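**Student:** Kindly generate the corresponding structure for this input.
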Amino acid sequence: MFTEIEINESQEDKKAGRTLITMTALTIHKRGQYQRRGMTWLEEYVQANIESIIGAPFVVCFIDDEKTIPSGHGKLTYDENGNCEFLDSDTVGSIQKAWIDEVETDGIMSKKLVVSGYLYNQRYPNFVKWLKNEVKNNTKVKGSVEANGKGDSKVIIYEGGGNGKDESGNWIVGRIPTVFDFSGLCILLPDVVTEADPGSEIVELNELQKSTELNSDDIEIKENKEETKMADVAKDPIVELNEKIVELNNTINGLNTKVKEQDSEINTYKETEAELRSLLVEANKSVESHKTQVAELNTEIEPLRQMKSDIDKAKNQSEVNSYFEAIKKENGFSEAELNSLQADFVDKCDLAGLKAKEVELCVNKFKELKKTEKITTEINTAEDNFSELFFSTKKETVETNSTDVGAELFQ
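**Tutor:** You can find the predicted model right below:
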């Protein structure tokens with residue numbers, strides 16, 4: 001949106017130290033229409049909040065120390081309470097009146113929010129002279145309206161509720177602000193900052209100079225360059241030089257910003273590296289300390305380990321010796337067998353082996369004993385059978401004789 005500017009210095013309107021200016025602030029849309037930033041300004045809501053622009057400042061962020069050439073809104077920052085601030089911009093005037101009117105733009109009539117007020121020509125004489133020269137040369141000087149939440153509110157209220165953003169945090173195209181305050185109108189240089197509303201321009205400066213409209217925005221500023229069609233008019237050397245200065249200053253500022261960012265990153269990396277090195281040194285010290293403690297403990301523990309080993313060995317040997325003494329008394333092993341047990345198991349402190357060998361010898365002894373008992377039993381059994389035979393015959397004789405009682409008498 002191209003801003004229309006009119007500067008009027010007729011005697012009846014002239015006031016000391018002030019230059020009258022008229023600008024279109026924004027385009028009134030119909031539903032479905034929106035400006036470059038996706039915002040739709042409906043007449044009913046603009047009219048409902050129009051009083052908030054009365055007394056609002058005309059603002060400029062200068063690109064030169066002489067405060068001649070404007071750029072954009074300035075750098076947006078926030079105070080500790082979250083309020084917007086533009087610390088590097090200047091208030092070059094104030095808005096006194098505001099109304100909605102039909103304004104012709106590029107041969108098309110459309111409704112605009114129009115404002116009028118004063119520029120402070122005694123405080124910013126270079127800027128006012130520059131602006132007059134630009135309007136005289138038919139240069140399209142832009143404007144960008146600034147809008148905030150109503151009063152102390154930090155949030156603009158949009159039709160349908162919400163904050164004007166979708167679930168991903170992106171601005172909704174066609175969002176409609178309903179409750180808000182206009183907080184300022186920025187006069188900007190389109191070669192530096194692309195306006196959101198191409199219809200925002202200066203309408204009158206000294207004499208009525210028709211242009212188009214002003215920019216509307218809710219404090220988000222698009223600062224990348226955008227090609228726009230300019231009037232095909234000859235530029236004087238000063239204007240061309242100013243444009244080159246703007247371009248060079250932007251390049252320098254961009255490079256300085258990158259250098260600062262890189263320096264900050266490098267310093268952060270250096271601090272992190274130093275912290276890591278310090279932590280590594282402390283960790284190595286801790287490891288060495290633990291190693292020393294382990295070595296000292298091992299030195300102290302080794303004699304105790306040897307002592308325990310000797311005690312365990314002596315205890316085991318005592319058990320083997322005691323068991324061996326019991327074997328000698330109970331099992332009646334031969335001297336040769338005892339000597340073998342002594343050499344193979346007792347001297348080697350092998351209690352398990354000694355017990356196993358004892359069982360083996362006892363089993364062998366038992367087997368031999370069984371063989372001897374079997375032979376003796378067989379002999380005794382044969383003798384018993386013979387006696388039985390003898391006594392059995394004798395019994396039968398007696399019984400036979402006994403059956404014939406009278407036989408004994410006749411013998």
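**Student:** Do a quick rundown of the helices in this protein.
**Tutor:** Secondary structure of the chain (DSSP state H): helices at 43-48, 125-136, 237-330, 335-341, 351-403, 407-410.
**Student:** Pipe the ones you listed into TSV and attach mean pLDDT, distance to residue 147 and mean neighbour count per row.
**Tutor:** Placement of C-beta: from N, CA and C, glycine included. Rendered in TSV, the data for these read as follows (pLDDT from 0 to 100; distance: least, CB to CB, whole Å; neighbours: other CB atoms under 10 Å):
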stretch	mean pLDDT	distance to residue 147	mean neighbour count
helix 43-48	96	10	15
helix 125-136	91	24	19
helix 237-330	87	26	11
helix 335-341	87	111	14
helix 351-403	64	98	11
helix 407-410	40	164	8
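**Student:** Residue 115: which of those is closest?
**Tutor:** Shortest separation from residue 115 across these is recorded for helix 43-48, at 11.7 Å, computed as CB to CB.
**Student:** The helices of the chain: which one's closest to residue 103?
**Tutor:** Shortest separation from residue 103 across the helices of the chain is recorded for helix 43-48, at 13.6 Å, computed as CB to CB.
**Student:** Which strands or helices does the closest one pack on?
**Tutor:** Here helix 43-48 touches strand 90-105, strand 177-179, going by 3 or more CB pairs under 8 Å, 6 or more residues apart in numbering; DSSP states H and E.
**Student:** Surely residue 158 is in contact with residue 178?
**Tutor:** Yes. With contact defined as CB atoms under 8 Å, residue 158 counts as touching residue 178 (6.3 Å).
**Student:** out of these two, which sits in the busier spot?
**Tutor:** Under the neighbour definition other CB atoms under 10 Å, residue 158 and residue 178 were set side by side, and residue 158 has more, 21 against 16.
**Student:** what sits against the closest residue to that one other than its chain neighbours?
**Tutor:** Spatial nearest neighbour of residue 158, excluding adjacent residues (CB to CB, 6 or more residues apart in numbering): residue 164 at 4.7 Å. The neighbourhood of residue 164, defined by CB atoms under 8 Å, 6 or more residues apart in numbering, consists of 156, 158, 171, 172, 175, 177, 218.
**Student:** Out of these, which comes closest to residue 346?
**Tutor:** Sorting the contacts of residue 164 by distance to residue 346 puts residue 171 at the head of the list, at 98.2 Å, by CB to CB.
**Student:** quick revisit: with distance to residue 31 added, can I get the helices of the chain in a markdown table?
**Tutor:** Below are the helices of the chain laid out as a markdown table (distance: least, CB to CB, whole Å):
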| stretch | distance to residue 31 |
| --- | --- |
| helix 43-48 | 11 |
| helix 125-136 | 34 |
| helix 237-330 | 37 |
| helix 335-341 | 115 |
| helix 351-403 | 102 |
| helix 407-410 | 162 |
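**Student:** nearest to residue 72, of these?
**Tutor:** Judged by CB to CB, the one of the helices of the chain that comes nearest to residue 72 is helix 237-330, at 10.6 Å.
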